[in-house]
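> sequence and predicted structure, then a few things I'm wondering about:
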Amino acid sequence: MPNEAPESRRPETRWFHLCLADNLASPNAFVTTRVGAVPLVVQNIKGRVVAFRNVCTHRFAVIHGEPAGCGPLRCPYHGWSFDADGLPVGLPFNPTDFQLEAEGRRRLALHPASLARCGRLVFVRVALDGPSLEEELGADLFARLAALSDAFPHRGVALEPADGWERIEAANLRIHRAPDGALVLHSAAPDGADSRFSRTVTLYPATALTTAPTTADAELPA
């Protein structure tokens with residue numbers, strides 16, 4: 001059903017907020033999560049940000065075990081490494097042990113996941129088919145989130161939202177906007193994921209000269 005509420009669908013078919021694009025700006029930067037039983041990884045590989053199931057296709061070991069970090073997309077079990085298309089490109093002892101040619105490598109490519117951006121906000125989904133992120137959120141909310149993410153670039157000390165803060169909810173993302181200009185983004189761990197996959201960051205407006213709270217700019221999104 002195309003109008004089915006996101007909350008009533010299987011977790012694998014829903015979009016989940018993962019991180020800011022800032023977290024994936026550096027080569028080899030990665031962020032991981034888990035949706036139900038499916039581990040996912042989003043990684044910057046030579047400037048290209050891609051999403052895969054975080055499972056090596058050789059012996060099904062988890063590739064990146066940490067929630068975030070910086071390092072090649074390389075399985076710790078046998079040292080297989082993968083390129084931005086998910087193809088195994090670094091195979092120690094391939095001539096003697098695996099003897100994989102081009103077709104064999106294609107068969108062992110990582111399973112892709114869906115990736116979408118809304119401004120600086122990065123979302124992932126296990127399923128490859130389904131509504132776009134904008135369709136799931138709605139055009140108005142999608143535009144609002146994109147504008148907010150672009151207007152608040154400065155990171156600051158994590159804050160605890162208090163009474164009087166504006167609250168916005170989208171997927172697993174809870175946004176709290178303070179009257180004094182701070183923006184708190186809290187991403188709850190997706191269904192079935194450990195709490196270590198939850199993330200909170202505090203941002204301040206583009207007009208702020210420091211990461212200290214400032215008066216809200218009148219030009220910020222309403």
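Here it is on my side, so go on.
> C-alpha only now, for contacts and for neighbours.
Will do.
> quick one, strands of the protein?
Applying DSSP state E to the chain gives strands spanning 16-20, 29-35, 38-45, 48-53, 68-70, 81-82, 88-90, 114-118, 121-125, 154-156, 166-170, 173-177, 183-187, 199-204.
> lowest average pLDDT across these?
When mean pLDDT is averaged over each of the strands of the chain, strand 88-90 scores lowest at a mean of 79.
> next one: residue 15 relative to residue 203, how far apart?
Using Cα to Cα, to the nearest Å, residue 15 is found at 23 Å from residue 203.
> can you check residue 178 too?
As judged by Cα to Cα, residue 178 and residue 203 stand 11 Å apart.
> between the two, point out the one with more neighbours.
Shown here are residue 178 and residue 203; by other Cα atoms under 10 Å, residue 203 has more neighbours (24 against 20).
> and residue 208, what pLDDT?
Reported pLDDT for residue 208: 61.
> on that earlier part again, I'd like the strands of the chain as CSV, with distance to residue 106 appended.
CSV is the format used below for the strands of the chain (distance: least, Cα to Cα, whole Å):
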stretch, distance to residue 106
strand 16-20, 28
strand 29-35, 23
strand 38-45, 18
strand 48-53, 15
strand 68-70, 25
strand 81-82, 11
strand 88-90, 8
strand 114-118, 19
strand 121-125, 23
strand 154-156, 41
strand 166-170, 36
strand 173-177, 35
strand 183-187, 34
strand 199-204, 34
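> distance of residue 166 relative to residue 144?
Separation of residue 166 from residue 144 (Cα to Cα) stands at 13 Å.
> actually residue 124, not the one I typed
For residue 124, the distance to residue 144 - Cα to Cα - is 19 Å.
> the more surrounded of the two?
Per other Cα under 10 Å, whichever of residue 124 and residue 144 has more neighbours is residue 124, with 26 against 15.
> how about the contacts made by that one?
15-18, 51, 113-116 (Cα atoms under 8 Å, 6 or more residues apart in numbering).
> from residue 192, how far off is it?
Distance, residue 124 to residue 192, using Cα to Cα: 15 Å.
> tally of neighbours for the residue lying closest to residue 110 once chain neighbours are set aside?
In space, residue 110 comes closest to residue 86 once its chain neighbours are excluded; the distance is 4.7 Å by Cα to Cα, 6 or more residues apart in numbering. Applying other Cα under 10 Å, we find 22 residues neighbouring residue 86.
> can you read off the pLDDT for residue 86?
94.
> residue 130 now?
Confidence score, pLDDT, at residue 130: 96.
> ok, it to residue 136 distance?
Residue 130 is 9 Å from residue 136, by Cα to Cα.
> who has more neighbours out of those two?
Legend: neighbour count by other Cα under 10 Å for residue 130 and residue 136, higher for residue 136 (20 against 14).
> how close does residue 153 get to residue 116?
19 Å.
> likewise residue 76?
Distance check for residue 76 against residue 116: by Cα to Cα, it reads 28 Å.
> looking at these two, which is more packed in?
residue 116 (18 against 14).
> out of everything not next to it in sequence, what's closest to that one?
residue 123 (5.2 Å).
> hmm, back to that, just send the contacts of residue 124 back as a markdown table, with distance to residue 67 too.
As requested, those are exported to a markdown table (distance: Cα to Cα, whole Å):
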| residue | distance to residue 67 |
| --- | --- |
| 15 | 18 |
| 16 | 15 |
| 17 | 14 |
| 18 | 10 |
| 51 | 14 |
| 113 | 17 |
| 114 | 18 |
| 115 | 17 |
| 116 | 19 |
